[in-house]
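In: give the three-dimensional model of this entry:
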Amino acid sequence: MTSGGTTLPDQSSPGPAGGRGPSRGPARADSGPPVLVTVLIDLAVPIGLYYGLTAAGVDDLIALTAGAVVPAVATLWRFARTRRIDVLGVFVTTMLVLSLVVSAVGGSARLLLVRDGWLTGVAGLGFLVSLRGRRPLAFGFSRRLLERRSAGGRDWDELWEESAPFRRIWRVTTVIWGVGLLVDSGVRTLMAYTLPVHVVPALNGVQYGVFTLVMLVIVNVYHARAGLWPILSPPDGQGAAKDERPSGH
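Out: Got it, this is the predicted structure:
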């Protein structure tokens, strides 16, 4: 997961408790741009634009503002094309507007630099708050990637209702991501206020990659130790036997 404007995976509405949800067909062609394109637009282009403008002699504040506008424009373009609200895109745009207003009033480039820290901090709080909801965020983000790849073919809504270890795994995973994002936010905020302005955008970009890699390693080690893969890919016949049970049993 990235939080610099990248579109989040769509979370399908769960079916009735204990039952299968609607069949999941192939993702629609207009569901969103490829992840690589989104990362380029929301991360690489703003960083490149900032350094290009400052190399041309443009003030740091103006260059940061120009780069920060790119994700907002991309969000508006995606909405105009698909007529679908990108929740994260709206959030990023809102944070952008607020940071621009504050920066304009205070005249400080560092208030724009700390925006990434605000984004990851709020995302971390969102993960932790989702523990009070029907499904934690890590469950929704991961099912699109893993559900169809599991050999057992079990529906995740069924697993959620039937398996306490499965529920615990995704709640702990959500805590791991929430705490990790809060730590990431603290590091970004510290960099924004202590390092030279000109080096922070590049470091922020590198940090997205390093943070994502470290978190994926931590989460996958936890999943292996917690026994997620045997749950998703039970021994031959076990998953089928569960699926053949009469409805309501």
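In: flag every buried residue along the strand or helix carrying residue 77.
Out: Remark: residue 77 resides in helix 60-82, with elements defined by DSSP states H and E. By neighbour count with 16 or more other Cβ atoms under 10 Å, helix 60-82 contains the buried residues 60-61, 63-65, 67-68, 70-72, 74-75, 78. Yep, even glycine has a C-beta here, placed from its N, CA and C like the rest.
In: ok, the closest residue in space to residue 44 that isn't next to it in sequence - how many residues close by?
Out: Excluding the flanking residues, the one nearest residue 44 by Cβ to Cβ, 6 or more residues apart in numbering is residue 205, at 7.3 Å. For residue 205, the neighbour count with other Cβ atoms under 10 Å is 17.
In: equivalent analysis for the one 10 residues further on, please.
Out: Residues contacting residue 215 under the criterion other Cβ under 10 Å number 17.
In: quick check: it touching residue 180?
Out: Yes - counting by Cβ atoms under 8 Å, residue 215 touches residue 180, with 5.1 Å between them.
In: the residue nearest to residue 44 and residue 50, how far apart?
Out: 10 Å (Cβ to Cβ, to the nearest Å).
In: what pLDDT, on average, does stretch 116-125 get?
Out: Across stretch 116-125, pLDDT averages out at 88.
In: dump it to CSV, restricted to CA.
Out: Extracted in CSV, the C-alpha atoms of stretch 116-125 (Å, rounded to 0.1, in the frame of the first residue of the first chain):
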residue,chain,number,x,y,z
ASP,A,116,3.0,13.2,3.2
GLY,A,117,3.4,12.7,6.9
TRP,A,118,-0.1,13.9,7.5
LEU,A,119,-1.4,11.5,4.8
THR,A,120,0.3,8.4,6.2
GLY,A,121,-0.6,9.4,9.8
VAL,A,122,-4.3,9.7,9.0
ALA,A,123,-4.1,6.4,7.0
GLY,A,124,-2.6,4.7,10.0
LEU,A,125,-5.3,6.0,12.3
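In: mean confidence score for the longest helix anywhere in the chain?
Out: Taking DSSP state H as the criterion, the chain has its longest helix at helix 164-194. For helix 164-194, mean pLDDT is 95.
In: other SSEs contacting the helix or strand just after it?
Out: Proceeding N to C from helix 164-194, the next assigned helix or strand is helix 200-226, under DSSP H and E. Packing partners of helix 200-226 (3 or more Cβ pairs under 8 Å, 6 or more residues apart in numbering; DSSP states H and E): helix 45-55, helix 109-113, helix 164-194.
In: how does it look with 7 Å?
Out: Contacts defined by 3 or more Cβ pairs under 7 Å, 6 or more residues apart in numbering; DSSP states H and E place helix 200-226 against helix 45-55, helix 164-194.
In: out of these, nearest to residue 219?
Out: helix 164-194 (5.9 Å; Cβ to Cβ).
In: next, the angle from the closest one to helix 200-226.
Out: 160 degrees (axes from the mean of the first three to the mean of the last three Cα atoms, to 10 degrees).
In: return the set of buried residues in helix 164-194.
Out: So, applying 16+ other Cβ under 10 Å, buried residues of helix 164-194: 166-167, 169-174, 176-178, 180-182, 184-185, 188-189, 191-192.
In: before we move on, back to that, got the CA coordinates for the helix holding residue 77 in CSV?
Out: Extracted in CSV, the C-alpha atoms of helix 60-82 (Å, rounded to 0.1, in the frame of the first residue of the first chain):
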residue,chain,number,x,y,z
ASP,A,60,10.7,26.0,-3.4
LEU,A,61,7.1,26.8,-2.3
ILE,A,62,5.9,27.3,-5.9
ALA,A,63,7.6,24.2,-7.1
LEU,A,64,6.2,22.1,-4.3
THR,A,65,2.7,23.5,-5.0
ALA,A,66,3.0,22.7,-8.7
GLY,A,67,4.0,19.2,-8.0
ALA,A,68,1.3,18.7,-5.3
VAL,A,69,-1.4,19.8,-7.7
VAL,A,70,-0.7,16.8,-10.1
PRO,A,71,-2.4,14.1,-7.9
ALA,A,72,-5.5,16.4,-7.4
VAL,A,73,-5.8,16.9,-11.2
ALA,A,74,-5.4,13.1,-11.7
THR,A,75,-8.2,12.4,-9.2
LEU,A,76,-10.5,14.9,-11.0
TRP,A,77,-9.7,13.3,-14.4
ARG,A,78,-10.4,9.8,-13.1
PHE,A,79,-13.7,10.9,-11.7
ALA,A,80,-14.7,12.7,-15.0
ARG,A,81,-13.8,9.5,-16.9
THR,A,82,-15.4,6.9,-14.7
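In: right, I'll call it a day here.
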